[in-house]
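Asker: Sequence and predicted structure are below.
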Amino acid sequence: MVMNSPTTPVFGLTKADLWPVVEAAAGEPVADFEIAIEHEVHGPYGFAAEKVIPTFRYVTREGRTGEVVIFAKHPYRAHTVEPEQYRFLHAHGMAVPKLYGTLPSPEGRRVLFLEYLPPKPRPANRLEYFLPQVELMARFAAICPSDEYAAWMQANCECFFDGFDSGEKQFAPMWAQALRGELGPEFQGVCAEHRDAVPRLGRHAREAKAAAAALPQGLVHTDFSRENVGRRGTGEFVLMDLESVTLGPRFYDISYCLAWPGVKWHPEVNVNDLAQHFLDTYARAGGGVVSPEELWEEVHALRHAYILTMLNWVYQQARAQPDDSPQDAQRRQEHRTGLLAWMRLLLAQGEEG
């Protein structure tokens, strides 16, 4: 055992700290190891956590050499239940990255050490890419937490329905900022045209929350996207980023994909076929038999739930900051474009109502 070893590039942890993680990943005791940072973090860095991808080259006690790459995640939140969610889902047969362990960082936050899944290009065949994600959603939705675990989630996880309240609170400041031209000229024009829409949008958010609360409840990921789906070298698709798993409407994760296919899938993909594939997989995974009519009824009730529950986060990302880098500015523009598209959908619903 290395005592009083210096800190490493892995969030200031020492080599002695990391020893049990390396042994868990190697699957056997090691005599020594070295650390190298050879992989870059892909995509936006650190919205919910700092991330680093260390390579550990080790020697076992029998003299064999080996190498393992690990995805290390240091959440910004002081308290995270993500490790418990990984263990829970793994125990229920869900395809998730292996969790090699957690360690407290010098800042007192938990660092997660996960199986590294390098990014892979999308298959050329669209259904070849979409169907495994639909199957993941269905298998995840079919998991039924025990009463004990459901009570634990209610006590320790964020309440799904709080997202509607957070979204509703953003309409007034968003409109004020947009009218000042601070979210771009196109957004300014839309808000000027609908200057008095804030009360109506707030009412729609409250009605959508009530409709979602009346639906059958289950396990929800809340951020099911292609960025949070990885692939092993075997081709198996796995679900990642479990920090926001909670209890909510059982078909929330699939609802936005089916309600707005041009946004989440592709206009050429037949959503009825995807919906049937979801239901077939859901039934095989133990979720029960649900008719297409019942699914679409719940999808309709949830068609704006994703927008309303994610609105606060996307709005914060769309706001300009004085220290924006060119990359930050580009990302903020992408969020503004998405936010504007969401506002148009909500305004159209309000006019229908």
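Answerer: That came in fine, so what should we check first? The structure presented is a predicted model; accordingly, all values stated were derived computationally and were not measured. Numbers count the residues shown, from 1 in each chain.
Asker: Every contact and neighbour count from this point should use C-alpha atoms.
Answerer: Will do.
Asker: what bits of the stretch 51-200 of the chain have low per-residue confidence?
Answerer: Scanning the stretch 51-200 of the chain for pLDDT under 70 picks out the ranges 122-127.
Asker: where exactly do the strands run in it?
Answerer: In the stretch 51-200 of the chain, the strands defined using DSSP state E, counting those that start in this stretch lie at 65-75, 99-104, 110-115.
Asker: most packed of these?
Answerer: Mean neighbour count, computed with mean count of other Cα atoms under 10 Å, is highest for strand 110-115 among the strands of the stretch 51-200 of the chain, reaching a mean of 23.
Asker: which secondary structure elements does that strand contact?
Answerer: strand 65-75, strand 99-104 (3 or more Cα pairs under 8 Å, 6 or more residues apart in numbering; DSSP states H and E).
Asker: Just send those strands back as TSV, with distance to Gln276 too.
Answerer: Shown next, in TSV, are the helices and strands packed on strand 110-115 (distance: least, Cα to Cα, whole Å):
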stretch	distance to Gln276
strand 65-75	35
strand 99-104	33
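Asker: Among those strands, which comes closest to Trp313?
Answerer: strand 65-75 (16.4 Å; Cα to Cα).
Asker: Direction included, what does the closest one pair against?
Answerer: strand 49-60 (antiparallel), strand 110-115 (antiparallel) (DSSP bridges).
Asker: So what's the gap between that strand and the chain middle?
Answerer: Distance of strand 65-75 from the chain centroid (Cα atoms, centre = their mean, to the nearest Å) equals 20 Å.
Asker: about what we covered before: closest to Arg332 out of the helices and strands packed on strand 110-115?
Answerer: strand 65-75 (21.8 Å).
Asker: Count the residues that sit near Gly233.
Answerer: Gly233 has 9 neighbours, counted by other Cα atoms under 10 Å.
Asker: Please settle this for me: is it part of a helix?
Answerer: No. Secondary structure assignment places Gly233 outside any helix; it is coil (DSSP: H, G, I helix; E, B strand; the rest coil).
Asker: For Thr60, see how far away it is.
Answerer: 24 Å (Cα to Cα, to the nearest Å).
Asker: With Val271 instead?
Answerer: In terms of Cα to Cα, Val271 sits 51 Å off from Thr60.
Asker: follow-up on the earlier one: to Leu247, which of the helices and strands packed on strand 110-115 lies closest?
Answerer: strand 65-75 (21.1 Å).
Asker: burial measure for Tyr86, as a count.
Answerer: Neighbour tally, Tyr86, other Cα under 10 Å: 24.
Asker: Sorry, slip of the keys, the one I care about is Tyr149.
Answerer: 12.
Asker: how many neighbours does Arg61 have?
Answerer: For Arg61, using other Cα under 10 Å, the count is 12.
Asker: If we ignore the residues flanking it in sequence, what's nearest it?
Answerer: Ala31 (4.8 Å; Cα to Cα, 6 or more residues apart in numbering).
Asker: Quick one: the strands in the stretch 201-350 of the chain, in order.
Answerer: Going by DSSP E, counting those that start in this stretch, the stretch 201-350 of the chain shows strands at 217-220, 229-231, 237-239, 246-249.
Asker: among these, where is the model least confident on average?
Answerer: Ranked by mean pLDDT, these end with strand 229-231 at the bottom, a mean of 89.
Asker: host element of Asp17?
Answerer: Using DSSP states H and E, Asp17 falls within helix 15-26.
Asker: so can I have TSV of the strands paired with strand 65-75 showing distance to Tyr100?
Answerer: Converted to TSV, these look like this (distance: least, Cα to Cα, whole Å):
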stretch	distance to Tyr100
strand 49-60	13
strand 110-115	5
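Asker: so which of these gets nearest Leu131?
Answerer: Here strand 110-115 is closest among those (Cα to Cα), at 23.2 Å.
Asker: closest to Gln330 out of the helices and strands packed on strand 110-115?
Answerer: Gln330 lies closest, by Cα to Cα, to one member of those: strand 65-75, at 24.2 Å.
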